[in-house]
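> below: sequence and its predicted model.
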Amino acid sequence: MTLTPTKIRQQMAKKKATKKTNAGINWINSWSASNKSANKIEIRIRLGKFTLLHLYKCSCIGTNHGFRLIIFNLGFEI
């Protein structure tokens, strides 16, 4: 069996196609992700270990709801 130029090109194209499927970037669609935090709000402003402002609110369904407010390392959590 002799290899004609067209058969050689077809074999090379197959090799390139298999290489492309193995390499590349794994794209993650975070808009449809099941673990996204759509119902959470968190704002943190820190200087080293000193917390100037920390505001956290979670209104998730099926989990414990939470609210946290810390200003100048003093705060409360519900």
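Ah, there it is. Residues are numbered from 1 along each chain as shown.
> thought I45 was touching L53?
Yes: at 4.5 Å, I45 counts as touching L53 under the criterion of C-beta atoms under 8 Å. Any C-beta I mention is one placed from the backbone N, CA and C, and that applies to glycine too.
> low-confidence ranges, the protein, go.
Where the chain drops to pLDDT under 70, the residues are 1, 16-23, 29-38, 61-64.
> how does it look with 80?
Scanning the chain for pLDDT under 80 picks out the ranges 1-3, 12-39, 59-65, 78.
> now the strands for it?
40-47, 50-58, 66-71, 74-77 (DSSP state E).
> relative to I28, which of these is closest?
strand 40-47 (18.6 Å; C-beta to C-beta).
> partner strands of the closest one, with direction?
strand 50-58 (antiparallel) (DSSP bridges).
> tell me the contacts of the closest residue to I41 other than its chain neighbours?
Distances taken as C-beta to C-beta, 6 or more residues apart in numbering place K57 nearest to I41, at 4.6 Å, with adjacent residues excluded. By C-beta atoms under 8 Å, 6 or more residues apart in numbering, the residues touching K57 are 40-42, 66-68.
> can you say which of the residues you listed are buried?
The neighbour-count criterion (16 or more other C-beta atoms under 10 Å) marks none of the contacts of K57 as buried.
> could I get those residues in JSON lines, plus columns for distance to K7?
Shown next, in JSON lines, are the contacts of K57 (distance: C-beta to C-beta, whole Å):
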{"residue": "K40", "distance to K7": "58"}
{"residue": "I41", "distance to K7": "61"}
{"residue": "E42", "distance to K7": "60"}
{"residue": "G66", "distance to K7": "65"}
{"residue": "F67", "distance to K7": "69"}
{"residue": "R68", "distance to K7": "67"}
